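[1] structure for this input, please:
(5 chains, ligands or ions: 9)
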Amino acid sequence: MDATKKEHSFIVTSSPHVRSGETTSRIMWTVSLSLLPALLMGFYFFGPKAILVTALSIISAVASEYIFEKISGKKAAISDGSSFLTGLLLGMNLPPSVPFYIPVIGSIVAVVITKQLFGGLGFNIFNPALIGRAFVLISWPRAMTTWMAPTAAFVALDAKTTATPLGILKEEGMGHLMEVFGSKINLYTELLLGHSAGSLGEVSAIALIAGGVFLLVRGYITWHIPFSFLGTVALLAWVFGGKAGLFTGDPIIHLLSGGLMLGAFFMATDYVTSPSVRKGQIIFGIGCGAITMLIRLKGGFPEGVMFAILLMNCFSPLIDRSVTRKPFGAIKVNKEQKK
Amino acid sequence: MTAKDMISIMFNLTVLYLIGGLILAGVYAKTSPIMYQNELKEKQEALKEVMPRADEMIKLGEWAPHHKHAEYFEGVKGAEKLGYVVQGFGKGYSSYINLFVAVDKDFVVRNVKILHHAETPGLGDEIMNESFTDQFKGKTLDHLVVVKRETDKDIQAITGATISSRAVTEGVREGVRMIMEKMSGEVKE
Amino acid sequence: MGLATFKGGIHPPDKKILAANCAIAEAKPPKTVVIPLSQHIGAPCKPLVTIGQEVKKGELIGEPGGFVSSPIHSSVSGKVVALGDFPSATGKMVSSIVIENNFRDEWTTLKDSPDYMGLSADELRGKIKDAGIVGMGGAAFPTNVKLSPPKEKTIDVVLINGAECEPYLTADYRLMLEKPAEIVEGLKILMKVLGVQKGYIGIESNKPDAVARMQEAVKGETGIEVYALEVKYPQGAEKMLIKALLDREVPARGLPMDVGVVVQNVGTSLAVYEAARYGKPLIERVVTVTGEGISTPGNLMVRIGVQISSLIEECGGFKNGVGKVISGGPMMGFAVYSLDVPVTKGTSGILVIPEKDIVHTGDFGPCIRCGRCIDVCPMNLIPSMLSIFSEKGFFEDAREYNLFDCFECGTCAYVCPSKRPIVQLVRLAKSMVKP
Amino acid sequence: MDFGKLFELVIAASVINNFVFTRFLGLCIFFGVTKKMDTAVGMSITFTAVMMISAALSWVVFKYIMIPLDITFLKIIIFIGVVAAFVQSADTIMRKVSPGMYFKLGVYLALITTNCIIIAVPLINAGEGYNFIESLAFGLGSGLGFALALIIMASIREKLELADVPRPFRGLPISFITAALIALAFTGFSGLITL
Amino acid sequence: MIKQRSNWELIKNGIFGENTIFRMAISLCPSIAVTTGIRNAFYMGIAVIFVQVMVNVSVSAIRKIIHPRIRIPIFMLIIAGWVSVIDMTMAAFARPAYKEIGLYIQLIVAFASIFARAEVFASKNKMTSSAMDGLGMGIGFLVALVLIGFFRELLGKGALWGMPIIHSKPMLIMIMPTGGFFAVGFLMAFFNWIDIRFFGGKGASGV
Ligand SMILES: Cc1cc2nc3c(=O)[nH]c(=O)nc-3n(C[C@H](O)[C@H](O)[C@H](O)COP(=O)(O)O)c2cc1C
Ligand SMILES: Cc1cc2nc3c(=O)[nH]c(=O)nc-3n(C[C@H](O)[C@H](O)[C@H](O)COP(=O)(O)O)c2cc1C
Ligand SMILES: Cc1cc2nc3c(=O)[nH]c(=O)nc-3n(C[C@H](O)[C@H](O)[C@H](O)COP(=O)(O)O)c2cc1C
Ligand SMILES: Cc1cc2nc3c(=O)[nH]c(=O)nc-3n(C[C@H](O)[C@H](O)[C@H](O)CO)c2cc1C
Ligand code: SF4
Ligand code: SF4
Ligand code: SF4
Ligand code: SF4
Ligand code: FES
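    Ligands and ions are numbered 1, 2, ... in the order given. Down below sits the predicted model:
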């Protein structure tokens, strides 16, 4: 058999022999890119502090991933961009005024405890960035619930603190919110632009929507989670949101404020920690929406998106397990068996 | 099983119950009065704290804020009526906050003491701090409201713990209102 | 009303243009041919010749080794020079007969029958069997077996599969352009054999001229129709084809005949005609030799048993650095490790991919659960879980996830951003557990 | 005792003050039976049932025997006795009545008496001075909450089977960390209902 | 347990070999519930030592006369009895701590570990060694709790036994449920690592 001794030696791998151009790292970097508008808005409104916080969390996220993989002898895969994205999202989820150790510890918790200890990319149960945020929120609630007021452009560095729109809504009610923002229209525009207190990447609804739509169009995420999430929130806000009784709530405020847009488009959609069968994703989205509104309206926190997503993360293995698909031709088989 | 087993089981049980019973009864006899004393002592001390000048506390009655069992007292020094101490409850962040509020005869708050709470350590539990409770001193009913900015007329919320702050204030306010309604009936001169 | 199709599927760039416009050319006669004794699903053949024996072109040299099996004929006239194991496209060694061509092209006497339509179903089936015809669309399943369904199954449609959904390949396309009438005749024969009134021909709409040709050819025929299909891989998979054209779902693990259908590739249909009309055995087929790695792509009429090496020579040899040589299409074909591999009845194409275009899947990433594979799987499976279970050795669980409904079309692996070798893992799992 | 309050009690007991994630009870079982989904489910069913019934029983005993006799200081002995006796009889009855079910769930009965929730529920009921209905509601809530915890945990651990967790963390440690993260998620419910 | 071991071995076994929490992974609840500070952890440990020792002693004392048929119930009775004793005693004399960990003291009655030792060891051995075994087990438990408590209080309150140590902002999370699970998880992992690294064990503690 001189076949093997031929002048050519060919690559012999199993079919298929052609692959699509899509790669994991390309996905991660594209998602990061689509977050850029919102990030820039954050920088614009909150100035250098915001930049520092974001940079810190990205750097420490990537670094801790690299170090962990070195120590545990895995082949370092920071180039896949997932830890970068985690760091970025964590940064965007923090108040701009937090002390430096918060983004650092948050990132370490996110990447090392939440992701690597569970087996690394693809195996983590919980959304790393959000666990990172929850961890620091519970550890230093004070620092994490003092919000600096948006100071357009890089001027005033001695930023003064205020409450977030949702905070006001919860603690002092609609009336006071109107006092602060003047008219409803004014409020909406401010929320859309992001000229309000909040986490540095969550404030500008319009920029986030732009990014989300971009991802949808390019097929990096599907409509199932974001739409079922947003839809549920809007519905519940309208039905139960109003002080004047049922069906008097204002869905728009709830849609535009807080981390909802960021959560619905970029965090609930995390492939790894959400169900992968589309039917399951709708359940997931509805669950997120319901819990978000439960916490916002009745809970101890003004904002509920983070906890809602984390709670649904707990359930996604269960959902994935119970929502299965019937293979092509399956029903027929059963019929046959009945016969 | 045989009669013999029966007997031995019987024997076992009786002996054990005897010994066990004796020990437990003994311990109970020893400890229960102490427990009782402890509880009494704590209450008395708390009362004394909120109204130091009083040398006697007369229990006037009971009421049920938030369906909880609460009492209220009158503090007297000799013949002089100093004022009242009311036990109140406020619905906090993760627990009901149980407190004493002392008011003088014209229902101005003199003192507030948190008896028990299970708020978040390092956050909600700062309601225990003097800096917070002292705000109540000298306040009258209409100023027992929480605001979230600098104030001297009203009660300023602890940042990051508005809910707990509110709970305490509400507990105090309800107590004061209750005692006013109760007393303004009789204690009118 | 859009084109007929199925749920799932993908649109890989169809590189058909490379060879689409090359008319089918007769490949130059080979010096020797290596004819494997098992080119079909089912039992291998028993050799009927001995070393040194002279054989004529078309002479029977291997007889069926069982019911699901198919005879084998010499594709040249000449002398048997060797009997033994030779490499095959799948990488296995199979016992084959090597015949040295004497270039005289003497045919054995073929029993042709001008009024073949007059023959009875059984006679026709006999001719098809003796001609050693097997499915030329992929799995090379003995056609006569397909044509003898068990009593309880009533067949009412014959489908001719002209989808040719695999990128690059144009063999079926050229046949439809150049031999439409014969293909239709073949279809009519198949219908007669099965006693069926309806015959459909399904062609992907990226071959409009082929559609037109076939439509012409079926003018006046009763019960035969031509349909254009949406361009989507794996439109040609028979289950998908049947779903698309008849909206019938072949039961999981079932066969087309369970829904009253028999699917045959256009090439098969042609072979059936030639067998019925001229009694010509299946000794040659159209092979598309193509790919960016080959100098002058083309469609060749090739004798069964010709070694790939000579085809590649004939097409001007390799260019810009060979990476892979594939027998079949890029989605389902087999990468060969040696050019000695012979063309068989099931070989629809030889594809040469240059080094630079190879996607190296050696160090594939973890599954990021993006769900792309789930969306495209034509069989509605959850490939991600199949691959993970198989990778971690939980084969039983893989079976719970309908492992055995997977027909290894490779659609999932094509889209996977982590470049996971899903099909390979599926095959591994299939080999580790019973269905 | 209006209905809303009962509902709140059940929700609070099951989700907000979830026994496992906020009161740290029943951990042995929690980590013990959540390796496989079916065991978790079996345990959940058995557990919720036992929980409610023993809550009811011990309430009756407490109200009509211990308080009148003023032997509340024996509550530990008596409650454990009640629970143990009930579980024992349940065991025997099940074995007689439906051996099939016993085969499925019997094993868990054995485990239950060495689980602190089962004794915690009567103690808490007694401490909080709940009335009969409330005690039932509390038992039910606790049971459901525990079932929820078990099932979530089982589904997660089955998924973790496939992950390559660093060696020292395999088994219990990673399970504890998982529990930690679930507990973290559950703090989202804190402040929702205050009892 | 059958082969006789010296008292010292028995105690060592309780602390390391069969450490209730880190090795056997039973009686886990208190390891999280009462470890927000070493003070509570310590009191809990003491209570458990007391109960374990007394139970072992009494069981071994009556092991000869006890009738097999009622062994289990009797054991439970004994455990419950001793638990009540320590419960009332602490309620009376250690009120501040008791207010916080009272429920868990009472729950000792359900600890698998106590019953297991009585059943597996005390009912087969003579009083002294039973006492030692109980002591070992108890101490092992106490050590584990205090260790966990140490980290949680230090990180979570920046204090030890209520005394402030660190004056920067503490990590509240450590004294919350989450922190408890974290602490135990990481300590277990740490001991597994030691086991793997230095004793060539296979780690994977308990379950
Ligand atoms: C872990 C955690 C615990 C909290 N505990 C309390 C608490 O005990 N009392 C309280 O009033 N707020 C508590 N909060 C804050 C509330 O969620 C809410 O944000 C705050 O009361 C709003 O007050 P602010 O407007 O002054 O920030 C806690 C927050 C977190 C994250
Ligand atoms: C094991 C096996 C048995 C088959 N039996 C029959 C049959 O009895 N009747 C039939 O019409 N087709 C039968 N087929 C042919 C299939 O329907 C199908 O046409 C053949 O596998 C080629 O399909 P492919 O080219 O899509 O792989 C069989 C196929 C296989 C693999
Ligand atoms: C993924 C997949 C794609 C296929 N595509 C085609 C195709 O495009 N054309 C074709 O003739 N057969 C195709 N086949 C084979 C058909 O399923 C079917 O077996 C064949 O057409 C039956 O006819 P035959 O027995 O004459 O080969 C494909 C099979 C699979 C599994
Ligand atoms: C659409 C999308 C959303 C993502 N969202 C998150 C996220 O919210 N938090 C995060 O840590 N990583 C996110 N990632 C990155 C990555 O999936 C995540 O780190 C994995 O959970 C790591 O295993 C996202 C990735 C994609 C493609
Ligand atoms: S693999 Fe080849 S035979 Fe099968 S469908 Fe594709 S092109 Fe046709
Ligand atoms: S791989 Fe599966 S589908 Fe393809 S031929 Fe083999 S058994 Fe049939
Ligand atoms: S190879 Fe199997 S799993 Fe993948 S898409 Fe095709 S049928 Fe589905
Ligand atoms: S496409 Fe690849 S990465 Fe995406 S889910 Fe499927 S297997 Fe996983
Ligand atoms: S101590 Fe084991 S279950 Fe609570």
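[2] contact partners for whichever residue of the stretch 51-200 of chain A sits closest to ligand 9?
    Ranked by CB to the nearest ligand atom, the top residue of the stretch 51-200 of chain A for proximity to ligand 9 is A:Ile125, at 23.6 Å. Backbone N, C-alpha and C define where each C-beta goes, glycine included. Counting by CB atoms under 8 Å, 6 or more residues apart in numbering or on different chains, A:Ile125 touches A:Phe118, A:Thr273, A:Asn313, A:Cys314, A:Ser316, A:Pro317, D:Ile156, D:Lys159, D:Leu160, D:Thr178, D:Leu181.
[3] if we use 10 Å, what do you get?
    Applying CB atoms under 10 Å, 6 or more residues apart in numbering or on different chains, we find A:Ile125 in contact with A:114-115, A:118-119, A:131, A:272-273, A:310, A:313-314, A:316-317, D:152, D:155-157, D:159-160, D:163, D:178, D:181-182.
[4] looks to me like it is in a strand.
    No - using DSSP: H, G, I helix; E, B strand; the rest coil, the secondary structure at A:Ile125 is coil, not a strand.
[5] chain E: strands as residue ranges?
    Secondary structure of chain E by DSSP state E: the strands cover E:159-160, E:163-164.
[6] can you lay out those strands as JSON lines showing distance to A:Ile11, mean neighbour count and mean pLDDT?
    Listed next are the strands of chain E as JSON lines, based on distance: least, CB to CB, whole Å; neighbours: other CB atoms under 10 Å in any protein chain shown; pLDDT from 0 to 100:
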{"stretch": "strand E:159-160", "distance to A:Ile11": "64", "mean neighbour count": "16", "mean pLDDT": "87"}
{"stretch": "strand E:163-164", "distance to A:Ile11": "67", "mean neighbour count": "9", "mean pLDDT": "85"}
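[7] which one of these lies closest to ligand 2?
    strand E:159-160 (72.3 Å).
[8] at the geometric centre of chain E, which residue do we find?
    E:Phe141 (2.9 Å; CA atoms, centre = their mean).
[9] quick check: that residue touching E:Met44?
    Yes - the pair E:Phe141 / E:Met44 is scored as a contact, 8.3 Å apart, by CB atoms under 10 Å.
[10] joint contacts of the two?
    Joint contacts of E:Phe141 and E:Met44 (CB under 10 Å, 6+ apart) are E:Pro30, E:Ser31.
[11] what sits against the residue nearest the centre of chain A?
    Nearest to the mean C-alpha position of chain A, by CA atoms, centre = their mean, lies A:Met267 at 2.0 Å. Applying CB under 10 Å, 6+ apart, one finds that A:Met267 lies in contact with A:89, A:92-93, A:127, A:129-130, A:133, A:225, A:259, A:273-274, A:288, A:305-306, A:309-310.
[12] likewise D:Val33?
    D:39-44, D:47, D:107-108, D:111, D:150, D:153-154, E:207.
[13] what are the phi and psi angles of it?
    Per-residue torsions, D:Val33: phi -110, psi 10 (degrees, to the nearest 10).
[14] from C:Asp363, how far out is the residue nearest to the centre of chain E?
    48 Å (CB to CB, to the nearest Å).
[15] same check, this time on A:Met261
    Remark: distance between A:Met261 and C:Asp363 (CB to CB) = 37 Å.
[16] more neighbours: those two, which one.
    Neighbour count, other CB atoms under 10 Å in any protein chain shown: between A:Met261 and C:Asp363, A:Met261 has more, with 27 against 8.
[17] you'd agree that one is up against A:Gly212?
    Yes - counting by CB under 10 Å, A:Met261 touches A:Gly212, with 7.0 Å between them.
[18] which intervals of chain A have sub-threshold pLDDT?
    Judged against pLDDT under 70, the low-scoring parts of chain A cover residues A:1-8, A:152-159, A:331-339.
[19] before we move on, what about chain E?
    E:1-4, E:201-207.
[20] would you mind listing what in it touches ligand 5?
    Residues of chain E lying close to ligand 5 (CB under 6 Å from any ligand atom): none.
[21] can you name the residue of chain E nearest to ligand 4?
    E:Thr178 (18.2 Å).
[22] how about the helices in chain C?
    Along chain C, the stretches classed as helices by DSSP state H are C:17-20, C:121-130, C:143-146, C:171-178, C:180-194, C:208-218, C:238-246, C:266-278, C:308-314, C:372-376, C:383-392, C:395-400, C:411-415, C:422-432.
[23] any idea where the strands of the chain begin and end?
    By default, I'm working from chain A. Going by DSSP E, chain A shows strands at A:147-148, A:161-162.
[24] you answered for a different chain; I wanted chain B.
    Ranges of strands in chain B, per DSSP E, are B:56-63, B:70-77, B:80-91, B:96-104, B:109-116, B:146-147, B:155-156.
[25] spell out which parts of chain B neighbour ligand 1.
    Chain B has residues B:93-94, B:119-120, B:123-124, B:157, B:159-164 near ligand 1, with proximity defined as CB under 6 Å from any ligand atom.
[26] out of the contacts of A:Met267, which touch chain C?
    Among the contacts of A:Met267, proximity to chain C is found for A:Thr273, A:Ser274 (CB under 10 Å from any CB of the partner chain).
[27] so who does A:Pro327 touch?
    Going by CB under 10 Å, 6+ apart, A:Pro327 touches A:333, C:252-253, C:377, C:379-382, C:401-402, C:404-406.
[28] what about 8 Å?
    C:Ala252, C:Met379, C:Asn380, C:Leu381, C:Asn402, C:Asp405.
[29] and B:Gly26, by the same measure?
    So B:Gly26 contacts nothing (CB under 8 Å, 6+ apart).
[30] kindly report the same for C:Gly329.
    C:Glu166, C:Pro167, C:Tyr168, C:Leu169, C:Ser348, C:Gly349, C:Leu351.
[31] which pair in the residues you listed spans the largest distance?
    For those, the maximum inter-member distance is 12.2 Å, found between C:Pro167 and C:Ser348 (CB to CB).
[32] the bottom helix or strand of chain D by mean pLDDT?
    For chain D, using mean pLDDT, DSSP states H and E, the weakest element among its helices and strands is helix D:99-112, scoring a mean of 76.
[33] C:Pro167 and C:Ser348: which is more packed in?
    Comparing C:Pro167 with C:Ser348 by other CB under 10 Å, the one with more neighbours is C:Ser348, at 27 against 22.
[34] tell me who's in contact with the closest residue to the more buried one other than its chain neighbours.
    Excluding its sequence neighbours, the residue lying closest to C:Ser348 (CB to CB, 6 or more residues apart in numbering or on different chains) is C:Ala171, at 5.2 Å. Taking CB under 8 Å, 6+ apart, we find C:Ala171 in contact with C:Glu164, C:Gly267, C:Arg285, C:Val286, C:Val287, C:Thr288, C:Asn299, C:Ser348, C:Gly349.
[35] of the residues you listed, which is the nearest to C:Arg213?
    Using CB to CB, these come closest to C:Arg213 at C:Glu164, 14.2 Å.
[36] what about the closest one, how many residues nearby?
    For C:Glu164, the neighbour count with other CB under 10 Å is 32.
[37] apart from its chain neighbours, what residue comes closest to E:Pro170?
    Closest to E:Pro170 by CB to CB, 6+ apart is E:Gly158, at 4.1 Å.
[38] I'd assumed E:Ile166 was in contact with that neighbour.
    Yes - between E:Gly158 and E:Ile166 there is a contact at 3.7 Å, judged by CB atoms under 8 Å.
[39] which one's more surrounded, the two?
    Comparing E:Gly158 with E:Ile166 by other CB under 10 Å, the one with more neighbours is E:Gly158, at 17 against 12.
[40] and the end-to-end length of stretch C:154-166?
    31 Å (CA to CA, to the nearest Å).
[41] cool, thanks, talk later.
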